[in-house]
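Colleague: Test case, fold it:
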Amino acid sequence: MTPAAEKFTLVLPTLNEAGNVTAALERAVAALSKQNLAWNILVVDDESTDGTPDVVLRYARSENRVRLMVRHAQRGLAGAITFGWAHTDAELVGVMDADLQHPPELLPALLNEVRNGADIAIASRYLKPGSMDEWNRVRRLLSLVGVLASRPVQPAKLHVHDPLSGFFVMQLRCIAGIRFQETGFKLLLEILARGRIRSVAEVPFRFSIRQCGRSKANAMTAVHYLILLSKLAVKRIRLPKQNRISFW
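Modeller: Numbers count the residues shown, from 1 in each chain. Predicted structure coming up:
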C-alpha cells in the first residue's frame, strides 16, 4: 500500500463550469499520470445549475480517480476547497481552478517542490514579466493592489510574491486543526498567515483568460477580502508579544 505521504488529492471547486471542466480534468489527469505517486481528483461542486455535476460524472465513468462531491445550500470558494481536503486521507493536497486559467501541466513541478521538502508550492503570476498580459489593465491593477494590501498580514520570512494565488500544492499537516474563513477567494493568504508554513516554493506560470462561462468575482469578492484582511490583522495584534511573528 502507498504511504499517505505519497498520496495526493487535487480539489477542483466548481460552480457552473460545464464548458470548462472536462478539458481541465483531461489535462490534470494527463499531468498527474506521469507522477510516481497515488493521486485522485476531487471535484467539489456548489450546486451548479448548468449541468456541471453531470459532466463530471460522465468523465468519472472512464477515470475512477476522479470523484464528485456536491455541497448543498453552501457557497464559498474557500469553503469548497477545505471541504474537499477534509474528505481525503492524502497528506499532499492541492487546489486548481476548473476554468482553465490555471495550467494543469504545472502540477508536476508544484508536486516536485513539495515532495522535495517545501511545505507549500505556489503557482505564481508575479515571478516573470508578462505573465498576466492577457488581462486588461484594470484587472492587473486590482490584482497588484490586492497583493500590496496583503503585505501587513504576511509573515516576512516567507517572502511570497503571489499570496493570492488560487493554484498551489501543500502538506496537509501544515493546516491541521485550523478553521478557515469559508467565504471569499483568498484561502492561500490565510494559510500563509495562520498555517504552520516554514518553507515556500513559487513556480512561475502564465495566467490565461476564461474561455467559457462567467467569472464568479464580483463586488462581494472585495468585501470578503477586506473582512479577511481585518480578521488577520486582529489576530496579529492579539498574539502574545513573545509569540508574534515579524510582518512586513
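
Colleague: okay, CA-based contacts and neighbour counts for the rest of this
Modeller: Will do.

Colleague: SS state for E202?
Modeller: strand (DSSP: H, G, I helix; E, B strand; the rest coil).

Colleague: gap between the nearest residue to it once chain neighbours are set aside and A90?
Modeller: Leaving aside its chain neighbours, E202 sits nearest to I122 (4.7 Å; criterion: CA to CA, 6 or more residues apart in numbering). Computed as CA to CA, to the nearest Å, the I122 to A90 distance reads 19 Å.

Colleague: Equivalent analysis for S48, please.
Modeller: 27 Å.

Colleague: just R179 next, same as before
Modeller: Distance check for R179 against A90: by CA to CA, it reads 18 Å.

Colleague: Comparing those two, which shows the higher neighbour count?
Modeller: A90 (21 against 10; other CA atoms under 10 Å).

Colleague: Once you drop chain neighbours, what's closest to the more buried one?
Modeller: K7 (4.8 Å).

Colleague: How about L187?
Modeller: Leaving aside its chain neighbours, L187 sits nearest to A78 (5.5 Å; criterion: CA to CA, 6+ apart).

Colleague: could you pull out the helices for the protein?
Modeller: Under the criterion DSSP state H, the chain contains helices at 21-32, 52-60, 77-85, 107-115, 137-150, 187-194, 219-238.

Colleague: neighbours around D89, how many?
Modeller: When neighbours are counted by other CA under 10 Å, D89 registers 14.

Colleague: Going forward, count from 30.
Modeller: Okay, residue one is now 30; in that scheme the one you just asked about reads as D118.

Colleague: And the pLDDT for it?
Modeller: We note a pLDDT of 94 for D118 in this prediction.

Colleague: Then I256?
Modeller: If you check I256, the pLDDT there is 69.

Colleague: mind listing what the closest residue to T43 other than its chain neighbours touches?
Modeller: Distances taken as CA to CA, 6+ apart place D74 nearest to T43, at 4.7 Å, with adjacent residues excluded. Residues near D74 by CA atoms under 8 Å, 6 or more residues apart in numbering: 42-44, 81-82, 97-100, 109.

Colleague: Export those as JSON lines, with columns for distance to L156.
Modeller: Formatted as JSON lines, those follow (distance: CA to CA, whole Å):
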{"residue": "P42", "distance to L156": "25"}
{"residue": "T43", "distance to L156": "27"}
{"residue": "L44", "distance to L156": "29"}
{"residue": "T81", "distance to L156": "33"}
{"residue": "P82", "distance to L156": "35"}
{"residue": "L97", "distance to L156": "33"}
{"residue": "M98", "distance to L156": "34"}
{"residue": "V99", "distance to L156": "35"}
{"residue": "R100", "distance to L156": "35"}
{"residue": "A109", "distance to L156": "28"}
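
Colleague: Could you single out the nearest of the residues you listed to L135?
Modeller: Distance ranking of the contacts of D74 against L135, using CA to CA, places P42 first at 17.8 Å.

Colleague: Pull the contacting residues for that closest one.
Modeller: P42 makes contact with 72-75, 106, 109-110, 124-127, according to CA under 8 Å, 6+ apart.

Colleague: Which one among the residues you listed sits at the bottom for pLDDT?
Modeller: Lowest confidence among the contacts of P42: L106, with 88.

Colleague: That residue contacts E211, doesn't it?
Modeller: Yes. Counting by CA atoms under 8 Å, L106 does reach E211; the two are 7.0 Å apart.

Colleague: The two: which is more packed in?
Modeller: Per other CA under 10 Å, whichever of L106 and E211 has more neighbours is L106, with 26 against 19.
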